[in-house]
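K.L.:
coords below, sequence missing:
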């Protein structure tokens, strides 16, 4: 890859700031950054790895803020972090073993899937009775979504919030804090593996990481749900545009 222009870095860093802010509040920050990196011309594998390079510091900043303010379940945290970390290693290793060509249709489907969860999470019913096996349920959630996060990532924060609200009966704020624990484990694992394999474009990842961290710290301190409708509209437009571009590229390559 050639050196990125100052304008491109500014646009991607601005996107990372917004993504960090949104992700800290309600998840879904990757729905901004992955489409932006793909639109900037990065191959799918490089875009996903670079996205982890810029997202990990923001995940740490969000976690620290929630932890200091008692906004998460400290008894559930060790298991959630460990299984999120393990699952992400599996997913990231799978991503590194794949050729880039099949990733475009996979990314298009996963983007739509993640977007659907983000848009319709408010319509899902909350569980009223305690879980019979809370540790097993947490382990399965953290492992499966950790694997998803290591392989792909966008929307995993929103998926975690949905599951913690519906299955564990967490409040939206508490679910967001608990999601940050799993998200930190999965981001850290993928970041370390991609960095070790030299799969991250650092010229782009480092400025985006600083911007993402600033956005994450601000977002973790904001009240939940502010501007949520606007965020959903913007994410929808961006994701659908990128999906259309991916599908157009796929059809063009077939001809």
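P.N.:
Received the coordinates, thanks. Fair warning: this is a prediction, and the values are worked out from it, not measured in the lab. Numbering: from 1, shown residues only.
K.L.:
Show me the helices in the stretch 51-200 of the chain, by range?
P.N.:
Counting by DSSP state H, counting those that start in this stretch, the stretch 51-200 of the chain has helices at residues 77-96, 103-120, 134-151, 156-168, 172-196.
K.L.:
Comparing the ones you listed, which yields the minimum mean pLDDT?
P.N.:
When the helices of the stretch 51-200 of the chain are ranked by mean pLDDT, helix 103-120 comes last with a mean of 69.
K.L.:
Using TSV, lay out the helices of the stretch 51-200 of the chain together with distance to residue 5.
P.N.:
Using the backbone N, CA and C atoms, a C-beta is placed for each residue, glycine as well. Listed next are the helices of the stretch 51-200 of the chain as TSV, based on distance: least, Cβ to Cβ, whole Å:
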stretch	distance to residue 5
helix 77-96	27
helix 103-120	24
helix 134-151	30
helix 156-168	30
helix 172-196	24
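K.L.:
Residue 11: which of these is closest?
P.N.:
Closest approach to residue 11 among these (Cβ to Cβ): helix 103-120, 19.6 Å.
K.L.:
ok, back up a step: what's the closest of the helices of the stretch 51-200 of the chain to residue 69?
P.N.:
Among the helices of the stretch 51-200 of the chain, helix 172-196 comes nearest to residue 69, with 8.3 Å by Cβ to Cβ.
K.L.:
Mind giving me the packing neighbours of the next helix or strand after the closest one?
P.N.:
Using DSSP states H and E, the helix or strand that follows helix 172-196 in sequence is helix 202-221. With contacts defined as 3 or more Cβ pairs under 8 Å, 6 or more residues apart in numbering; DSSP states H and E, helix 202-221 has these neighbours: helix 6-26, helix 30-39, helix 44-68.
K.L.:
Counting by contacts, list what the first one packs against.
P.N.:
Think helix 6-26. Helices and strands touching helix 6-26, by 3+ Cβ pairs under 8 Å, 6+ apart, are helix 30-39, helix 44-68, helix 156-168, helix 172-196, helix 202-221, helix 228-254.
K.L.:
which one of these lies closest to residue 112?
P.N.:
Shortest distance between residue 112 and those, using Cβ to Cβ, is found for helix 228-254: 6.2 Å.
K.L.:
for the record, mean pLDDT for that closest one?
P.N.:
Across helix 228-254, pLDDT averages out at 61.
K.L.:
Likewise for stretch 20-39?
P.N.:
Averaging pLDDT along stretch 20-39 gives 80.
K.L.:
measure that stretch end to end?
P.N.:
By Cα to Cα, to the nearest Å, the extent of stretch 20-39 from end to end equals 19 Å.
K.L.:
Dump the helices and strands packed on helix 202-221 into JSON lines; add mean neighbour count and distance to residue 155 as well.
P.N.:
Shown next, in JSON lines, are those (neighbours: other Cβ atoms under 10 Å; distance: least, Cβ to Cβ, whole Å):
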{"stretch": "helix 6-26", "mean neighbour count": "22", "distance to residue 155": "10"}
{"stretch": "helix 30-39", "mean neighbour count": "25", "distance to residue 155": "6"}
{"stretch": "helix 44-68", "mean neighbour count": "24", "distance to residue 155": "12"}
